[in-house]
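Chemist: what's the 3D shape of this:
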Amino acid sequence: MSIPSPARRRVLSRRRAAVALVAVGSTVLATALVGLSSGSAVASSHREAPLISSDPPVDNTDVYAFVSPDRPDTVTLIANWFPFEEPNGGPTFYPWATDAHYDINIDNDGDAKADLTYRWDFRTDDRRGNATFLYNDGQVTSLDDPNLLFRQFYTLSLLNRDSGSTATLVSNGKVVPSRVGNGSMPDYWQLRDQSITAVPGGGQTFAGQSEDPFFLDLRVFDLLYGGNLSEVGQDTVAGYNVNTVALQVPKSALTLNGNATRNPVVGVWSDTERFSLTVRSPGSQQSSGAKVQVSRLGNPLVNEVVVPAGLKDRFNSMLPEQDGTVPALVNRVTNPELPVLIQRIYGIPAPPTPRNDLVEIFLTGITTKSGPAISLDLNSQLNNADVDPARFVPSEQLRLNTSIPPTANPNRLGVLGGDLQGFPNGRRLADDALDISLQAVEGAAVSGIVAPLAAGDQVDRNNVPFGSVFPYITLPNNTAVNRTLFDGDTVAPFGWPNFPTMPTLTGLLAVALIGSGVVLFRRQSRGIAWQTA
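Modeler: The predicted structure follows:
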């Protein structure tokens, strides 16, 4: 059926950063507007704005886009929502909202508008009624198991702005349920395998809970890691889960004119839309009206730390094409706060402005066609052969050059580490977005690694391994984020190396270790492998 442009329709309706990315985002937005006549703000993250913090089921946390390492003719897109899911948070656990659109957008011609939108819409089959409070009333061994009392399904649609059409790719996809525990779901791998669904044209998709793949020390808010870098080395989100959608499709499905050779670069961002009206009555609520964008995310870590409090909610509602229309936002980022703050606290001189290097990294893509700041043609839509430069609009997007093949030895610092397949050329799960961004905001893309900050936040990789096959993310955590022993000592749940040596490690703790650790490591056949540091 015919539809209006997804981007235009959203006008009616439409992590976390530790120091670096935020500053990057701010600098980028401002300098782009100064040097290129239009620009864009950056994306949302974990609990980054007042309104979205009170609505976690639709809060974007991270977006990833990379050439699939095991299927290099395809691209994998991953978007996460619902920050800080504590594994034991029953009996409701963490359902997808059924009155929202969950979107991943693609701009392949550089006009800051979504040419393609992949949209997941969810529905619920709740069989509990007044009979029980349980999520499941026995062990669940398949997604069709009658013991599973709370189920969700999704429709995956593709909205094409150029043709004005919508195609249904998956009509009754099965959501893998929240991970209740080993007693209820003894083989969660099996459940997740069953939830992976084929997409027409040679793709596949997944929707469900996963371990939060982002890793960083988020104590940036305590005056930049304690004011003396004493507060580093703690993975803030370790042990928590998120809700994830993942999509793997051939490169030609995303690229301009279906030609990944002539037009390899795409821009990616996610968003969530809610109904504009909610009417609450005793014991129920109803939603209606036009859909309104309530969250948006491209590059990680920016709205959380760069955008001032008074603009955060508005920023989440904006389309990329609108970012340059808010002078207060532009003024806020023309002279980014973070480098100045680092200079004040640590004595590291802030790079001079305007920061044209950051304009390329975050607003135009890295290309010699937008200026001489970085002598590299990497990931701008301006490098696509069929793009009209007159229609190009600088905007905050996660840009990926799909022609760069996966490397056998990934570097966690991505492009700054000499690995052109890594962030900010797209974003892989194992890319150290915080350390990369911190270096970038301090000028490393032009001057090289800034030695005083080379150690970064000392959280260099995820606390659990990523997979080597789709959907690559790790199974959701199954152990409480905080656990207290009988003697009152508290231990961290996110990996054996984090546990202190104690004579009181009882059989109860051993069982907990088995439940949280063995499940992650016992299945090499499922493609689990440590990411390269």
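
Chemist: Who are the contact partners of the nearest residue to L223 once chain neighbours are set aside?
Modeler: Of all residues beyond its chain neighbours, the one nearest L223 is I345 (6.8 Å), with distances taken as Cβ to Cβ, 6 or more residues apart in numbering. C-betas here are computed from N, CA, C, even on glycine. I345 makes contact with L223, L224, G227, according to Cβ atoms under 8 Å, 6 or more residues apart in numbering.

Chemist: rerun that using 10 Å as the cut-off
Modeler: L223, L224, Y225, G226, G227, N228, L229 (Cβ atoms under 10 Å, 6 or more residues apart in numbering).

Chemist: pLDDT score for G208?
Modeler: G208 carries a pLDDT value of 98.

Chemist: whoops, N105 was the one
Modeler: So, for N105, pLDDT stands at 98.

Chemist: Quickly find the element holding it.
Modeler: Assignment of secondary structure by DSSP states H and E places N105 within strand 100-107.

Chemist: Off-centre distance for that strand?
Modeler: 12 Å (Cα atoms, centre = their mean, to the nearest Å).

Chemist: Which strands border that strand, and is each parallel or antiparallel?
Modeler: strand 116-126 (antiparallel), strand 265-281 (antiparallel) (DSSP bridges).

Chemist: For these, give me JSON lines that also has distance to S403 and mean neighbour count.
Modeler: Converted to JSON lines, the strands paired with strand 100-107 look like this (distance: least, Cβ to Cβ, whole Å; neighbours: other Cβ atoms under 10 Å):
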{"stretch": "strand 116-126", "distance to S403": "19", "mean neighbour count": "18"}
{"stretch": "strand 265-281", "distance to S403": "8", "mean neighbour count": "21"}
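
Chemist: weakest of those strands in terms of mean pLDDT?
Modeler: Among the strands paired with strand 100-107, strand 265-281 scores lowest, at a mean of 93.

Chemist: Just the C-alphas of that strand, formatted as PDB.
Modeler: The C-alpha trace of strand 265-281 is given here as PDB (Å, rounded to 0.1, in the frame of the first residue of the first chain):
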ATOM      1  CA  VAL A 265      28.200   3.800   2.300                       C
ATOM      2  CA  VAL A 266      25.000   3.900   4.400                       C
ATOM      3  CA  GLY A 267      24.000   5.900   7.500                       C
ATOM      4  CA  VAL A 268      22.200   4.200  10.300                       C
ATOM      5  CA  TRP A 269      20.200   5.300  13.400                       C
ATOM      6  CA  SER A 270      17.300   3.900  15.500                       C
ATOM      7  CA  ASP A 271      14.300   5.500  16.900                       C
ATOM      8  CA  THR A 272      11.100   4.700  18.900                       C
ATOM      9  CA  GLU A 273       7.700   6.100  18.400                       C
ATOM     10  CA  ARG A 274       4.800   6.100  20.900                       C
ATOM     11  CA  PHE A 275       1.200   7.100  20.600                       C
ATOM     12  CA  SER A 276       0.700  10.700  21.500                       C
ATOM     13  CA  LEU A 277      -2.200  10.200  23.900                       C
ATOM     14  CA  THR A 278      -2.500   7.900  26.900                       C
ATOM     15  CA  VAL A 279      -5.700   7.700  28.900                       C
ATOM     16  CA  ARG A 280      -5.400   6.000  32.300                       C
ATOM     17  CA  SER A 281      -8.300   4.600  34.300                       C
END
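
Chemist: next structured bit after it?
Modeler: strand 284-297.

Chemist: Quick check: buried residues in that following strand?
Modeler: K291, V292, Q293, V294, S295, R296, L297 (16 or more other Cβ atoms under 10 Å).

Chemist: now, the most widely separated pair of these?
Modeler: Across those, the two members that end up farthest from each other (Cβ to Cβ) are K291 and L297, 17.3 Å apart.

Chemist: In three-state terms, how would I436 be classified?
Modeler: helix (DSSP: H, G, I helix; E, B strand; the rest coil).
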